[in-house]
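Enquirer: could you look at this predicted model? Sequence included:
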There are 2 protein chains.
Amino acid sequence: MEECCTNGSLKLQKLIALSEYLKIISDANRLQILCLLKNGEHCVCNIHGALGLPQNLTSHHLKALRDAGLVTWRRDGKWVHYSLNTDRISYLTKLFEQVILGGDCGDQSIRAGMCQLQKA
Amino acid sequence: MEECCTNGSLKLQKLIALSEYLKIISDANRLQILCLLKNGEHCVCNIHGALGLPQNLTSHHLKALRDAGLVTWRRDGKWVHYSLNTDRISYLTKLFEQVILGGDCGDQSIRAGMCQLQKA
DNA sequence: CAATCATATCAATTATTATTGATATGATAT
DNA sequence: ATATCATATCAATAATAATTGATATGATTG
């Protein structure tokens, strides 16, 4: 049976995957980048201009988003344009719903309202 | 007009609030705690037992979740039982949807596909 | 009230991440 | 080819957060 808190269970794998994504998007600067990209693709210069971040820091955060697969990019002459990877955003959203909102933990070994130690 | 990337805008405030929540739940241990609490309230002993975490570390993470308002607790003799604050979870979910999925950035000063620097 | 149990707090350490400054790369224009 | 522009990378530092060990608190039991 699929369990929440058991080593190696599918639910735990999903939970850890979600945790990794959330670490990436929980940075306010990166979240702003994602938000900005909702209205279409932008070059790095626009992104760091809009957010008031130094260029290298912007690149650094974009790399994190790229590595997580949350954005894609294309080169256009001197410029590089970034876009949302909407498929990956959807996947992240699905994971969020499954882990945070989805049914109960599934761990039958621990029942609500019945403290294990209370029995002893 | 409500903007994404402008100082003090409502969207930015929401974005920062979301960022704070995500920092709390992006820790795998805390995410496991939340997941475990989906099947009802649990005492600290069950939580640290189920996750295999030391008692003090579990308390530490529970404090973070409490401070963020994501869980509530009640004392029951020697035990303390924690539960999800489902209202707050719903609010977090709403924020997530608004910031991540909601309409575009709203920042008219920067238009998709048109690099500011390109004009110069 | 002394002992014990469940939980919380605190200080110290370790680990992780963000930020900065300097430099490299890859493209275009002169 | 050289200069310049846009972006990326790298090393160093600064800032944050997780973990540990020791101790405190609050409740219960004998």
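Expert: Received the coordinates, thanks.

Enquirer: contact partners for residue A:21?
Expert: A:68, A:70, A:92, A:95 (Cβ atoms under 8 Å, 6 or more residues apart in numbering or on different chains). The C-beta positions use only the backbone N, C-alpha and C, and glycine is treated the same way.

Enquirer: restrict the residues you listed to those near DNA strand C?
Expert: Subset of the contacts of residue A:21 in contact with DNA strand C: empty, counting by Cβ under 7 Å from any atom of the strand.

Enquirer: near DNA strand D at all, stretch A:63-71?
Expert: Yes - using Cβ under 7 Å from any atom of the strand, we find that stretch A:63-71 touches DNA strand D at residue A:63.

Enquirer: how far away is residue A:96 from DNA strand D?
Expert: With distances taken as Cβ to the nearest atom of the strand, to the nearest Å, residue A:96 is found 18 Å from DNA strand D.

Enquirer: output the helix or strand where that residue lies as CSV, nothing but the C-alphas.
Expert: Following DSSP states H and E, the helix or strand that holds residue A:96 is helix A:86-96. C-alpha atoms of helix A:86-96 as CSV (Å, rounded to 0.1, in the frame of the first residue of the first chain):
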residue,chain,number,x,y,z
THR,A,86,4.2,25.4,-18.6
ASP,A,87,4.2,21.6,-18.7
ARG,A,88,6.6,21.6,-15.8
ILE,A,89,4.6,24.2,-13.9
SER,A,90,1.5,22.1,-14.4
TYR,A,91,3.4,19.0,-13.1
LEU,A,92,4.5,21.0,-10.1
THR,A,93,0.9,22.1,-9.5
LYS,A,94,-0.3,18.6,-9.7
LEU,A,95,2.3,17.4,-7.2
PHE,A,96,1.4,20.2,-4.9
